[in-house]
Each structure stands twice: as structure tokens, then as C-alpha cells.
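**Q** please work out how this folds:
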Amino acid sequence: MSTYDEISKAIAAHGQWKQKLRTAIDTGECESTPERVKQDNNCSFGKWLHERIDLAAKESPHLDTL
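**A** Model prediction:
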């Protein structure tokens, strides 16, 4: 899978996660805990960001914006 495809897939998964979060906010019900939700490495994008990108990309000044 290309990097572009990995990023696209991760962004789509993040969109689904945001919808679950919005539903939890609206209904007051959630299958997860605040401790788990606040971690930024549980979703596909977070895993890609923390585990898959190379060292040069991690040192980029754009990483904080991302």
C-alpha cells in the first residue's frame, strides 16, 4: 500500500472516530473511556503517525501542526 493510500485510509478512519465521538457527546453514551479517547495513538492515523513515518518526517517542523 502506498503512503498516500495509508494516509487516506487513516484519515477516513479518523472521520469515523470523530462521528463516534460526536454521537457520544450527543447521547452521553460511549463504549470507551476518557483515558483511552485522549490518547493520540489508538486510531489508524495515530498509529501511522507514531509508528510508520520515518525519522526525517518526525523531525519536520510540520509534525506539530499535523
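**Q** where does pLDDT dip in the protein?
**A** The chain contains residues with pLDDT under 70 at 66.
**Q** how about a cut-off of 90?
**A** 1-18, 20-21, 30-66 (pLDDT under 90).
**Q** longest single helix anywhere in the chain?
**A** Counting residues, the longest helix found in the chain (DSSP state H) is helix 3-27.
**Q** packing partners of that helix?
**A** helix 44-47 (3 or more C-beta pairs under 8 Å, 6 or more residues apart in numbering; DSSP states H and E). All C-beta atoms are positioned from the backbone trio N, CA, C, and that covers glycine.
**Q** outside of whichever helix or strand comes after the helix it packs on, which residues touch it?
**A** Going down the chain from helix 44-47, the next helix or strand is helix 55-58, by DSSP states H and E. With contact meaning C-beta atoms under 8 Å, 6 or more residues apart in numbering, helix 55-58 is reached by L63.
**Q** chain center to helix 55-58, what's the gap?
**A** 18 Å (C-alpha atoms, centre = their mean, to the nearest Å).
**Q** can you start the count at 56 instead of 1 from here on
**A** Sure thing, new numbering starts at 56, so read that last one as helix 110-113.
**Q** mind checking how far W103 is from P116?
**A** 19 Å (C-beta to C-beta, to the nearest Å).
**Q** what's the separation between S99 and G83?
**A** 26 Å.
**Q** neighbouring contacts of stretch 64-72?
**A** Under C-beta under 8 Å, 6+ apart, the answer for stretch 64-72 is 56, 98-100, 102-103.
**Q** so what's the gap between it and the chain middle?
**A** Averaging C-alpha positions (C-alpha atoms, centre = their mean) puts stretch 64-72 7 Å from its chain's average.
**Q** one more: stretch 108-118?
**A** 16 Å.
**Q** first vs last residue of that stretch, how far apart are they?
**A** Chord length of stretch 108-118, first to last residue, is 11 Å (C-alpha to C-alpha, to the nearest Å).
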